[in-house]
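Q: sequence-free structure coming up:
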């Protein structure tokens, strides 16, 4: 198969980054930082191991990608709130790993559940494409499939965090496995209408008082399905959206009354 120019460029970029990371890993061994606060981890550690660390946060606009500083702040905020933690939309584990490491330090009794299809979007993305908004490479059936459960599990093993359970599969099939759980913090980074609808309907009744659901895609023009799902869901609820900020980053959240 002949690569199109755009695909060839992306493949070369991915190969270059992978090579750079492989060269840097011996210089930034994970074990050196395991007992250090995540906030102190150096930026090159994050780059070498493909994870987000607070000191490696790019200066994106207010509604840019999930911000690890806000995620860690939410873990701090809910540390004393009863319940476990969940992330939906794990992708390659870039935020799951530092969340697990930080949770182990601030609330060692809590467990972190990571949900992802690891197969990209199914055809429910077609509804969101129909809603309009700017396109992007992953806004398609199969988008965000360049990952695997094995890749994420290997990262977690490398960082020696055992307080995590990764559950592969589509949410409608996997969320019921945690139906008996209560949650203090949930991070939703899932893009599309159907996924947000399913997750809100599942987690909201299982969220303890003062628990938080962080909505990574609310307000993003390219993911209008998120705002539609959230606005519909909250229309008969007492909670109002709150704003979390870190530098230029802004994320919206629901705090359970």
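A: Received the coordinates, thanks. These numbers were taken from a predicted model, which means no experiment stands behind them.

Q: Show me what the lengthiest strand in the chain pairs with in its sheet, parallel or antiparallel.
A: Across the chain, the longest stretch assigned as strand under DSSP state E is strand 207-215. Sheet partners assigned to strand 207-215 using DSSP bridges are listed as strand 183-188 (parallel), strand 249-255 (antiparallel).

Q: for the longest one, the distance to its chain's centre please.
A: Yep, that's strand 249-255 we're talking about. 14 Å (CA atoms, centre = their mean, to the nearest Å).

Q: again, but for the shortest one
A: On the basis of CA atoms, centre = their mean, the separation between the geometric centre of strand 183-188 and that of its chain is 10 Å.

Q: do stretch 103-110 as well
A: For stretch 103-110, the distance to the chain centre is 18 Å (CA atoms, centre = their mean).

Q: Can you mark which positions in that stretch are buried?
A: Of the residues in stretch 103-110, 103-104, 107, 110 count as buried by neighbour count, 16 or more other CB atoms under 10 Å. Placement of C-beta: from N, CA and C, glycine included.

Q: residues touching residue 233, list them.
A: Counting by CB atoms under 8 Å, 6 or more residues apart in numbering, residue 233 makes contact with 196-197, 200-201, 204.

Q: Most neighbours among those residues, please name it.
A: Within these, residue 196 tops the neighbour count with 28 neighbours, counted by other CB atoms under 10 Å.

Q: In the stretch 1-150 of the chain, what residue spans correspond to helices?
A: Per DSSP state H, counting those that start in this stretch, the stretch 1-150 of the chain carries helices over the ranges 5-24, 43-49, 68-77, 96-106, 125-130, 149-158.

Q: ok, residue 168 - how many residues close by?
A: The local packing of residue 168 (other CB under 10 Å) involves 18 other residues.

Q: Residue 91 versus that one, what's the distance?
A: 12 Å (CB to CB, to the nearest Å).

Q: who touches both of these two?
A: With CB under 8 Å, 6+ apart as the test, residue 168 and residue 91 both reach residue 116.

Q: Report whether the expected contact of residue 106 with residue 79 is present.
A: Yes - using CB atoms under 8 Å, residue 106 is in contact with residue 79, at 4.8 Å.

Q: Run through the stretch 51-200 of the chain and note the low-pLDDT ranges.
A: 56-66 (pLDDT under 70).

Q: With residue 193 as the reference, measure out to residue 231.
A: 11 Å.

Q: The two - which one has more neighbours?
A: The neighbour count for residue 231 versus residue 193, taken as other CB under 10 Å, is higher for residue 193 (23 against 11).

Q: Which secondary structure element is home to the nearest residue to that one once chain neighbours are set aside?
A: Of all residues not flanking residue 193 in the chain, residue 225 sits nearest, at 3.1 Å (CB to CB, 6 or more residues apart in numbering). Using DSSP states H and E, residue 225 sits in helix 224-234.

Q: What count of nearby residues applies to the closest residue to residue 129 other than its chain neighbours?
A: Of all residues beyond its chain neighbours, the one nearest residue 129 is residue 139 (6.5 Å), with distances taken as CB to CB, 6+ apart. Residue 139 has 18 neighbours, counted by other CB under 10 Å.
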